[in-house]
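Asker: Build me a structure from this.
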Amino acid sequence: MKMNFKQWGVALLAASIAFTSSLSLPSNYVKAEEGMNSQLTAPVIKTFSASMMQKPSKGSELKEEEFEKEQVNLYDIKINPEEIVLSGDVSIDGEKTPFSLSGKLYKHQISGVLVGDLSDELGNFKVERFEIENSEIKAGVFFNRTLPDEAFALYMTHEGSNKFVIIEESALEITSSENLGSIYNGELQVASNELISWFTTFDPEETKIEQSGEESVQERATHQVKTSTWSLVNTYTIGFYIIYTDISAVKLFVYFPIDTNSSLNTEFKIIGTKMKWDNGLRDGTWYNSNWEIGSGPNGGVLEMRVNANKPQAIKQTGISYKMIKKGTPQFSIGWSYSWYGISAGVTLNGNQPVSSETFKNHNAAGVSKVEKVKNAHMLLAGDYLAGTWDLDYYPHLGENKAVNATVTLKFSAYARSANKKVYGPIVAYSTSPTKIISK
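Answerer: Residues are numbered from 1 along each chain as shown. Below is the predicted model:
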């Protein structure tokens, strides 16, 4: 069949359209205006209102009366257990700024809350928070509390202007109730503590590191046990009334021997961690913390030291530990013959999970310590650093067969919040309640 000129033109146009459609672009996408934020965009499918202001140092400074109101347009929405996609733009200082967010969904450690780990492929925004919460929780709707059903919260910081953008809307605007129910009941991984602790993008309102009560003493058959406890608390406020409290409790156990037939043992341990939120109507708890013990940008401090008094001295030191690693962890045992002015030590390498026990002989040392050197810290409940010291009687150092020993603890604490502040080193001393008898 012959084709006339007009038919050939139609055929060529159809072929051109088919070729263009075969490219890896959605068929409804068109080219936006030329300029800094030129992009391929699509017809708007959802429009929301966003609140924004310059990002403050503390969350309590997010004041609604100071918010600017701008429009958010969404062009692409996809929410399922494997993937989240939110593409659109928001007006920043009068200019439409695009974003293309993608990532994965996780379960919050509080039931009924989904958390998204999202990033902006265009690099215009840092996603601080994405959560979807059911109507029974409503813990995370901080500024649009009139929402009647499932809600989602998307907080972002604009990289150029440092504007903090807040979007809180009904989750049913971006997905269906059936889809949410399917995702809630599905097999999702639990979100990391870093992901759900989005509020650490701000400085804490208040930080307290306090020793809890007096040092206590317990009598046992072969030891006298002295214990000291510290609580570390960071409090964050979002807006007017949402409060997050980040708590870690650490405890020092010192087992002073009755006599030199038994070892002097110490253990410094995280005995509990907890995160709480409270919105004035409801509250919730999950059992992790952002407090890193023995940590900090420059390595941190975590050390236990024993000073023995003549004529007793330290003949052997042991170390054991369980911690979180960063790189290759290093620990050390050091000792000093204080009455001779001589000191020595050894560095130990550990791997994840860090757990080992090593003894070193150094007869007649007056001082000995165990410490974390680098690339490890305590974070989880049950993490610890422990030391064991064997004492002995050395007649050439004197004749007094009953003397005291003193343990010194030093540790730093890193809050892992926006101000990256390191607290400490905190120093505590513990002396044997009664003299240790040489045998």
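Asker: Quick check: which element contains residue 315?
Answerer: Assigned by DSSP states H and E, residue 315 falls within strand 312-322.
Asker: so what strands line up beside that strand?
Answerer: As defined by DSSP bridges, the strand partners of strand 312-322 come to strand 357-365 (antiparallel), strand 384-393 (antiparallel).
Asker: Compare these and report which one is nearest to residue 161.
Answerer: Of all the strands paired with strand 312-322, strand 384-393 sits nearest to residue 161, with 44.8 Å by CB to CB. (Each C-beta comes from the backbone N, C-alpha and C, glycine too.)
Asker: Could you list the buried residues of that closest one?
Answerer: 384-393 (16 or more other CB atoms under 10 Å).
Asker: what ranges do the strands span in the stretch 1-150 of the chain?
Answerer: With DSSP state E, counting those that start in this stretch as the criterion, the stretch 1-150 of the chain has strands at 30-31, 40-41, 46-54, 68-80, 83-92, 95-107, 113-120, 125-133.
Asker: Could you dump the ones you listed into TSV with mean pLDDT, distance to residue 209 and mean neighbour count added?
Answerer: Converted to TSV, the strands of the stretch 1-150 of the chain look like this (pLDDT from 0 to 100; distance: least, CB to CB, whole Å; neighbours: other CB atoms under 10 Å):
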stretch	mean pLDDT	distance to residue 209	mean neighbour count
strand 30-31	35	57	9
strand 40-41	46	50	18
strand 46-54	93	31	17
strand 68-80	93	38	16
strand 83-92	94	38	20
strand 95-107	94	31	19
strand 113-120	94	29	20
strand 125-133	94	27	22
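Asker: okay if I get those as JSON lines plus distance to residue 330?
Answerer: Below are the strands of the stretch 1-150 of the chain laid out as JSON lines (distance: least, CB to CB, whole Å):
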{"stretch": "strand 30-31", "distance to residue 330": "56"}
{"stretch": "strand 40-41", "distance to residue 330": "51"}
{"stretch": "strand 46-54", "distance to residue 330": "42"}
{"stretch": "strand 68-80", "distance to residue 330": "44"}
{"stretch": "strand 83-92", "distance to residue 330": "40"}
{"stretch": "strand 95-107", "distance to residue 330": "33"}
{"stretch": "strand 113-120", "distance to residue 330": "31"}
{"stretch": "strand 125-133", "distance to residue 330": "33"}
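Asker: Could you say which one of the ones you listed comes nearest to residue 168?
Answerer: Residue 168 sits nearest to strand 46-54 of all the strands of the stretch 1-150 of the chain, at 8.2 Å, using CB to CB.
Asker: Not counting its own residues, what contacts that closest one?
Answerer: 62-64, 66-74, 77, 88, 90, 92, 143, 161-167, 169, 173-174 (CB atoms under 8 Å, 6 or more residues apart in numbering).
Asker: switch the cut-off to 7 Å
Answerer: 66-74, 77, 90, 143, 162-167, 169, 173-174 (CB atoms under 7 Å, 6 or more residues apart in numbering).
Asker: and what of stretch 118-132?
Answerer: Contacts to stretch 118-132, defined as CB under 7 Å, 6+ apart, come from residues 84, 97-103, 113-116, 140, 150, 152-159, 171, 180, 198, 201.
Asker: Report the contact partners of residue 276.
Answerer: Neighbouring residues of residue 276 by CB under 7 Å, 6+ apart: 245, 283, 285.
Asker: element containing it?
Answerer: For residue 276, the host element (DSSP H and E) is strand 264-278.
Asker: Report the angle between that strand and strand 384-393.
Answerer: Strand 264-278 runs at 160 degrees relative to strand 384-393, counting by axes from the mean of the first three to the mean of the last three CA atoms, to 10 degrees.
Asker: mind checking how far the very next helix or strand once past strand 264-278 is from the chain centre?
Answerer: Note on strand 264-278: by DSSP H and E, the next helix or strand toward the C-terminus is strand 283-286. Centre-to-centre, strand 283-286 and its host chain are 16 Å apart (CA atoms, centre = their mean, to the nearest Å).
Asker: what residues does whatever helix or strand comes next after strand 283-286 touch?
Answerer: Counting by DSSP H and E, the element after strand 283-286 in chain order, helix or strand, is strand 292-293. Contact with strand 292-293 is made by 250, 270, 302, 377-379, 411, 413-414, 416, as judged by CB under 7 Å, 6+ apart.
Asker: out of the strands of the stretch 1-150 of the chain, which comes closest to residue 421?
Answerer: Once the strands of the stretch 1-150 of the chain are compared by CB to CB, strand 125-133 is nearest, at 19.6 Å.
Asker: mind exporting the closest one as CSV, just the C-alpha atoms?
Answerer: What follows is strand 125-133, C-alpha atoms only, in CSV (Å, rounded to 0.1, in the frame of the first residue of the first chain):
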residue,chain,number,x,y,z
PHE,A,125,17.2,19.2,51.7
LYS,A,126,18.3,17.1,54.7
VAL,A,127,15.4,15.0,55.8
GLU,A,128,15.2,15.3,59.6
ARG,A,129,12.1,13.2,60.2
PHE,A,130,9.5,11.2,58.4
GLU,A,131,6.9,9.3,60.5
ILE,A,132,3.4,7.9,59.9
GLU,A,133,1.4,7.3,63.0
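Asker: orientation of it relative to strand 113-120 in degrees?
Answerer: Using the same axes, to 10 degrees: strand 125-133 against strand 113-120 is 160 degrees.
Asker: Sketch out the low-pLDDT regions of the stretch 101-250 of the chain for me.
Answerer: 135-140, 148-149 (pLDDT under 70).
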